[in-house]
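1. whatever this is, show me its structure:
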Amino acid sequence: MDCVKQVLILCAFWACFPGAVRAQDYMQGDLANEPLVDVSKVAPAIVIDLRYATDRNITGHPIYPAGMKCLLRKGVAGRLKSAETILELAGYRLKIWDAYRPSHAQKILWALVQNPEVVADPNKGGSRHSWGVAVDVTLVDLDGKDVPMPTDFDDFTDAAKSDYKGKDPVVAKNLNILKNAMDVAGFEGMRDEWWHFSSTTWRSYGLVDDPGKLMEKEAAPTATTRTASASPSPASTPGASPAPQDPRAPQH
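-> Below you'll find the model as predicted:
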């Protein structure tokens, strides 16, 4: 499929669903307690490869616990599913390198780097990853095989900037497709990391202190008697710290 056709597919999706995603950007309300969901259940076609659960990251060792799930806020996961749908039409799939990041992991990264231009200071709002509103993604083909992209994960050289300056036309095309799909789905990129995207609604959220309290509860079995009571709403569970006024949370 040539590049022109891929662009047309993206434009067609946008034309068919005018404002369906971005309308949420203008809704008022505090989303600090919106539940976290398991991305593998929301969008099972997305490939998950959490790099901080492996030794293939800047630290050289795992900083996530074994069996760490790929989590995002429910609304953000829905947007990511939209991006996956767009990309599948163009012959690609998403691979996630990072999503929700526990605060203890952010502290490890900060202790290693201590450069606010690269890693967010956990004492000053932390990373948008720790809010459950940011995701690090790349592209794979429909068979799940990696496609050429500018760099690997956790590359902090100029080659990792979202404004690709290289001369490989395949890399340039793939990166442009990724950025376009994420933009249409309601995400904004980051200048220094081509793989990093935040939901455009991130200001409505806050730091997740205890992910367990914000996990969306599975649907209860169908009631067999009239006295069966409904489960309490996870949105009412105080598991997150509200976002401060006019937040400026660093992204990585």
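2. burial of Pro62, as a residue count?
-> Other residues near Pro62 come to 17 when the count uses other CB atoms under 10 Å. Heads up, the C-betas are built off the backbone N, CA and C, glycines and all.
3. that one and Asp55: what is the separation?
-> Using CB to CB, to the nearest Å, Pro62 is found at 6 Å from Asp55.
4. again with Ser103
-> Ser103 sits 21 Å away from Asp55, going by CB to CB.
5. repeat that for Val42.
-> Per CB to CB, Val42 is found 28 Å from Asp55.
6. settle it for me: which of these two has more neighbours?
-> Shown here are Val42 and Asp55; by other CB under 10 Å, Val42 has more neighbours (18 against 11).
7. contact partners for the more buried one?
-> Going by CB atoms under 8 Å, 6 or more residues apart in numbering, Val42 touches Ala77, Gly78, Leu80, Lys81.
8. now the second one. Its backbone dihedrals?
-> Just to be clear, that refers to Gly78. phi -60, psi -40 (degrees, to the nearest 10).
9. can you give me the helices in this protein?
-> With DSSP state H as the criterion, the chain has helices at 3-16, 39-42, 74-89, 103-113, 169-185, 211-214.
10. nearest to Ile96, of the ones you listed?
-> Closest to Ile96 of these, according to CB to CB: helix 39-42, at 6.6 Å.
11. how about the closest one as PDB, C-alpha atoms only?
-> This file holds the C-alpha atoms of helix 39-42, laid out as PDB (Å, rounded to 0.1, in the frame of the first residue of the first chain):
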ATOM      1  CA  VAL A  39      -4.900  -2.300  27.600                       C
ATOM      2  CA  SER A  40      -4.600  -6.000  26.600                       C
ATOM      3  CA  LYS A  41      -8.300  -6.400  27.300                       C
ATOM      4  CA  VAL A  42      -9.400  -3.100  25.800                       C
END
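12. the nearest residue in space to Trp131 that is not next to it in sequence: how many residues sit nearby?
-> Spatial nearest neighbour of Trp131, excluding adjacent residues (CB to CB, 6 or more residues apart in numbering): Tyr205 at 4.8 Å. Residues contacting Tyr205 under the criterion other CB under 10 Å number 27.
13. how near is Tyr205 to Val171?
-> Going from Tyr205 to Val171 by CB to CB gives 32 Å.
14. hang on, the earlier thing: now the helices of the chain in CSV, with mean pLDDT and distance to His196?
-> Converted to CSV, those look like this (pLDDT from 0 to 100; distance: least, CB to CB, whole Å):
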stretch, mean pLDDT, distance to His196
helix 3-16, 51, 20
helix 39-42, 98, 16
helix 74-89, 97, 13
helix 103-113, 95, 13
helix 169-185, 98, 10
helix 211-214, 93, 20
